[in-house]
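Participant: I would like the atomic coordinates for the input below:
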Amino acid sequence: MKRNDLIVTVGFILFFLPFFISSSVYNYYNTFNAEHGMVMSFVKFAILATFGEAIGLRIRTGNYSYKGFGLIPRAMVWGVLGLTIKLAFVIFAVGTPAFLSYLGIKEASAAMQSSFSLMKLLVAFSISAAMNIIYAPIMMTFHKITDTHIINNGGTLSGFFRPIRFGEIITDLNWNVQWNFVFKKTIPFFWIPAHTITFLLPAEFQVLFAAILGIALGVVLAIASHTK
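Facilitator: Coordinates of the predicted model:
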């Protein structure tokens, strides 16, 4: 283990340690998260998903960052994406059971408020599948566009605020990787099962699990962005 790895590992442990050893800290976090969900989504994804990208970079290159990587611009993008992810969670968690009820599965909404059952598993899977099929490809493509924009502008804040050349970037995207890896593999084999578990968990554990998935999301997309 390199010195930087030790520093990052210790920092990661110290960041999460208060939530495990202090019930007051954990309760305050839960209260603040419940009252200011959108703010916490911005902060959570800005920190954790960016950290995931840094880990992905470390796996590929041996370094957590480099000149032009643009940690701050990436964190800003992830913060905004965190807002849309929270929006998607709320919409699909409410809308999918309502749609299942419309299809004739009247107990769909009630199942999510009860203990584990096959019906609850079906509804949680349906929520995850709907969210990841409808929302995830758009979010992932937008992330790839902004990622390219950041790199093209040297990872600087001033470059980040330049107009994004959406048409040019989206035309030059590696759609072979985007379709065959990001969409066809990570969505059905990782994200749908992972978010099924998320919607099965009690609310107090969903926060921690979502944080872990935020890191995993950054790692997966960072690795995918450099897959040939």
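Participant: use CA for all of it now, contacts and neighbours both
Facilitator: OK.
Participant: What is the burial count for the closest residue in space to Tyr26 that isn't next to it in sequence?
Facilitator: Nearest residue to Tyr26 in three dimensions, chain neighbours excluded: Phe19, at 4.8 Å (Cα to Cα, 6 or more residues apart in numbering). Neighbour count of Phe19, defined by other Cα atoms under 10 Å: 16.
Participant: For Phe19, pull up the helix or strand it's in.
Facilitator: helix 3-21 (DSSP states H and E).
Participant: just Met140 next, same as before
Facilitator: helix 136-152.
Participant: in that helix, what's buried?
Facilitator: 136-137, 140-151 (16 or more other Cα atoms under 10 Å).
Participant: avg pLDDT for it?
Facilitator: Taken as a whole, helix 136-152 carries a mean pLDDT of 94.
Participant: Toward the C-terminus, what is the element adjacent to that helix?
Facilitator: Following helix 136-152 toward the C-terminus (DSSP H and E): helix 157-160.
Participant: How about residues contacting that following helix?
Facilitator: Contacts to helix 157-160, defined as Cα atoms under 8 Å, 6 or more residues apart in numbering, come from residues 70, 72-73, 149-150, 153.
Participant: Quick check: which ranges of this structure have low pLDDT?
Facilitator: Applying pLDDT under 70 to the chain flags residues 1, 203-204, 206-208, 218, 221-228.
Participant: which of the buried residues of helix 136-152 sit farthest apart?
Facilitator: Based on Cα to Cα, the longest span within the buried residues of helix 136-152 runs between Ala136 and Ile151 and measures 22.4 Å.
Participant: rewinding a little: Throw the contacts of helix 157-160 into TSV and include distance to Glu107, thanks.
Facilitator: What follows is the contacts of helix 157-160, written out as TSV (distance: Cα to Cα, whole Å):
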residue	distance to Glu107
Gly70	48
Ile72	45
Pro73	44
His149	46
Ile150	47
Asn153	52
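Participant: Stretch 157-169: which residues count as buried?
Facilitator: 157, 159-160, 169.
Participant: Mind picking the one among the residues you listed that's closest to Ala130?
Facilitator: Nearest to Ala130 among the buried residues of stretch 157-169, with distances taken as Cα to Cα, is Ile169, at 27.4 Å.
Participant: measure the closest residue to that closest one other than its chain neighbours to Trp175 for me?
Facilitator: Excluding the flanking residues, the one nearest Ile169 by Cα to Cα, 6+ apart is Ile145, at 6.3 Å. Counting by Cα to Cα, to the nearest Å, the separation of Ile145 from Trp175 is 12 Å.
Participant: Over to Arg74?
Facilitator: Taken as Cα to Cα, the span from Arg74 to Trp175 is 21 Å.
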